[in-house]
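Asks: Just a sequence and a predicted model for now, questions to come.
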Amino acid sequence: MKEDTSLLKIRNYVFLLLLISPSFVSGDDFKIGAGIWDITGPTAEIGMMGYAMMDQVTAGLHFRLRARAFVFGTVSNPNDRIVFVNTDSCMMFGGLKQTVIQNLNAKYGNLYHDENVLISGIHTHAGPAGYSFELLYNIMSWGFHKPNFDVIVDGIVSAISMAHNKYEQNKGAKILLNSGELLHSNINRSPTAYLANPAEERAKYNWDVDKEMVLLRFEDLEGNEIGLLNWFAVHGTSMTNQNHLVSGDNKGTAAYLFERLKNGNSSVPGMGPFVAAFAQTNEGDVSPNTRGAFCDNGRPCETAHSTCGGSSQNCHGYGPGKDDFESTMIIGTHQADFAQHLYDSAKIQVESQRGVDFRLTYLDMSDTEVSGNFTTTGKPGRTCHGSLGDAFAAGTTDGPGDFDFVQGTNSTSTNPYWNYIGSFLSNPSQEEKACQAPKPILLNVGDVEFPGPWIAKIIPVQLLRLGNFYIVGVPGEFSTMSGRRLRETVLKAIVSAGGDPNSKVVIAGLSNDYTHYITTFEEYGIQRYEGASTLYGPHTLAAYQQTFSELAVAMVTGDPVPHGPNPPDLSSDTWSFQPGVIFDAGSFGKIYTDVDSAYKVGDVVSVVFYGANPRNDFKTQSTYLTVERMVNGNWEVYRVDGDWDTRFHWQSHLIAESLITIEWFIGDDAPLGTYRIRNFGTSKDIFGTLTPYTGTSSSFVVQ
């Protein structure tokens, strides 16, 4: 039968409208803005965050730390938006996020708030500490360090503001999704604990760590590239506990490499329009030290307890390179190269018809009832007052602890002296011991309130959604299997509520606050470092599964969730024994040791200046150094301190003097020619007056 031509024309016209309408093209009606800002803090005299080593203090800069922010919304509902911020910091803390939100509210009203902003840390162990309101995390920095706190807050707000401005200018964008397995870049540092999980569960996976990298590619409707955001599980411990230079470790390296690729080799780091965020996920038991753990004699460590001759101190994990820097570059390059592969081949558009959404609630993790539907035992359970077990003090193969603690112990008899000392801090009750069993409680930190709380109790639990892409914001370090269980729980809840069964779920680790580790019930029983550091007891994971399930259902059905208890404002409860810079002395900018006259590719140029304490001026969005090249009779900046191939070292000299050593590792791509190196600093006199200074080396040739 011949079809009516008028009906055919109408049908074709409607079909054409569907094709060209952004509302019907998957992904085409997102709005996206990207921003990046410097959050580099004190590069001298401040304890570093991550390894808990009192003698690991900052003494220079490897490359700068950044905050990378993305604002997401849709063309049809531009004021409904969510924000994801990735920071080159060890973790995020609740007090810092509260301050960020307060500053955003002062600038934008209620457009950005606690519920729709997620801030995640990459978990570098090479950044300065002292930016938490809780005491436990400030011990290594001798207390709260407000200048470091402020530069991180200001940097995050500035990154979001930049993303906000670009979002307002954006006429529409699309998001492309891709994923794949990245090999040779991570291993499980607690394999015996992983093996405690059920065999049938382990059989579902090829690896004892997650190898999957999940990547989102952002571009506008004309195909102009905006940035990327990806998640891959690996600890930021390529730089070991012997390092004293501030560094973004392997994920910061990956971001630097990818942004340089997109913004151009001559671009200034952190200043280009393309923003690449390499985010953290369930890395709790995942190490970048892929050669494994060995004793000083070259033999493998004993596996169950990670010891050498019964001691944990001499059992170290080794990365793929000959030193920290090479290992960091190798693992960072692996992530950058694989991200490029996923980025270039991304074709799946994230659907945008559902827009963006968010849910957040607060839990009292020291006392949360958990249904038997979520506990491993099948019986009701509850979380416990926070505490750390003996194996916490043993450290890990990435960074062994001190004294005689070992991993994999659930008996206080192995260290009676230190358990006795720990009881003076707070002696746990029999009820607390029973709740935390089989963890032998070393530090009962959840009950300590002097001079302020040592850990957080009221914990944020957050879920963001981009179309059918869900971001699970967890305030801690989930082990491999605990992360897998949580992702399964969230997807199951989405589907049960009528959501898209093809939804993708990722975990954003170390987000919004920090509660140490979260292992499975079975891993907790082994009491290696991760289990001993699971603050709130064996049902911690189940409590998160229960809460995220509720958030996912509410998001699909469009229902609100209860806010929960308000977290306390601890901003007035901080303390510090870290003195500021009293004054600087010396001939600022004068050369102490000059450069040689000539070098070749592969050499290291080194110059030492008399300088000042870099704590006087963090040089935010600037640099402590330049490598400059003579071009047509003019000096042009070739490298700055945000580049990988420069290093900035600070050393105290005599009473109040400083020596500044600047190194440039001449790469294969360095043009031959005439160069010089400059140092930029700020001195402080006895009256507190700050004065900028500059030092300049002699010129030299690369030939």
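Replies: That came through, no problem.

Asks: Surely L104 touches S158?
Replies: No. L104 is not in contact with S158 according to C-beta atoms under 8 Å; the separation is 10.9 Å. All C-beta spots, glycine's among them, are computed from the backbone N, C-alpha and C.

Asks: Could you measure from the residue nearest in space to the middle of the chain over to I39?
Replies: Central residue check for the chain by C-alpha atoms, centre = their mean: the C-alpha nearest the mean position is that of I122, 1.4 Å away. Remark: distance between I122 and I39 (C-beta to C-beta, to the nearest Å) = 11 Å.

Asks: got any residues that touch both of the two?
Replies: Common contact partners of I122 and I39 (C-beta atoms under 8 Å, 6 or more residues apart in numbering): 87-89.

Asks: Flag the shaky bits of the protein, pLDDT-wise.
Replies: 1-28, 410-423 (pLDDT under 70).

Asks: From start to finish, how long is stretch 298-309 in a straight line?
Replies: Start-to-end span of stretch 298-309 (C-alpha to C-alpha, to the nearest Å) is 13 Å.

Asks: Enumerate the positions of it that are buried.
Replies: 301-302, 304-308 (16 or more other C-beta atoms under 10 Å).

Asks: Stretch 45-54 now?
Replies: 45-53.

Asks: same check, this time on stretch 229-244
Replies: Here stretch 229-244 shows 229-241, 243-244 as buried, counting by 16+ other C-beta under 10 Å.

Asks: What's the first helix or strand after the helix ranked longest in the chain?
Replies: The single longest helix within the chain, with elements called by DSSP state H, is helix 146-169. Per DSSP states H and E, the first helix or strand lying C-terminal to helix 146-169 is strand 173-181.

Asks: so what secondary structure elements neighbour the very next helix or strand once past that next one?
Replies: On the C-terminal side of strand 173-181, the closest following helix or strand by DSSP H and E is strand 187-188. Strand 187-188 sits against strand 286-287, with contacts defined as 3 or more C-beta pairs under 8 Å, 6 or more residues apart in numbering; DSSP states H and E.

Asks: What pairs with the strand it packs on, parallel or antiparallel?
Replies: With DSSP bridges as the test, strand 286-287 is paired with strand 187-188 (antiparallel).

Asks: Need the contact partners of the partner strand.
Replies: The contact list for strand 187-188 (C-beta under 8 Å, 6+ apart) reads 194, 208-209, 285-287, 289-290, 292, 480.

Asks: Who are the packing partners of the strand ranked longest in the chain?
Replies: Assignment by DSSP state E gives strand 673-684 as the longest strand of the chain. Contacts defined by 3+ C-beta pairs under 8 Å, 6+ apart place strand 673-684 against strand 604-611, strand 625-631, strand 657-665, strand 690-696, strand 700-702.

Asks: What residues of the last one count as buried?
Replies: Under the neighbour-count criterion of 16+ other C-beta under 10 Å, strand 700-702 has 700, 702 buried.

Asks: helices or strands next to that strand in the packing?
Replies: strand 598-599, strand 673-684.

Asks: What segments of the chain are helices?
Replies: 5-20, 94-108, 146-169, 191-194, 199-202, 249-263, 324-345, 390-394, 416-425, 430-436, 480-496, 521-526, 529-532, 540-557.

Asks: Would you format these as a markdown table with mean neighbour count and distance to S76 included?
Replies: As requested, the helices of the chain are exported to a markdown table (neighbours: other C-beta atoms under 10 Å; distance: least, C-beta to C-beta, whole Å):
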| stretch | mean neighbour count | distance to S76 |
| --- | --- | --- |
| helix 5-20 | 10 | 16 |
| helix 94-108 | 19 | 21 |
| helix 146-169 | 21 | 14 |
| helix 191-194 | 21 | 45 |
| helix 199-202 | 10 | 42 |
| helix 249-263 | 25 | 29 |
| helix 324-345 | 20 | 27 |
| helix 390-394 | 28 | 50 |
| helix 416-425 | 14 | 55 |
| helix 430-436 | 16 | 49 |
| helix 480-496 | 22 | 23 |
| helix 521-526 | 24 | 44 |
| helix 529-532 | 31 | 44 |
| helix 540-557 | 23 | 19 |
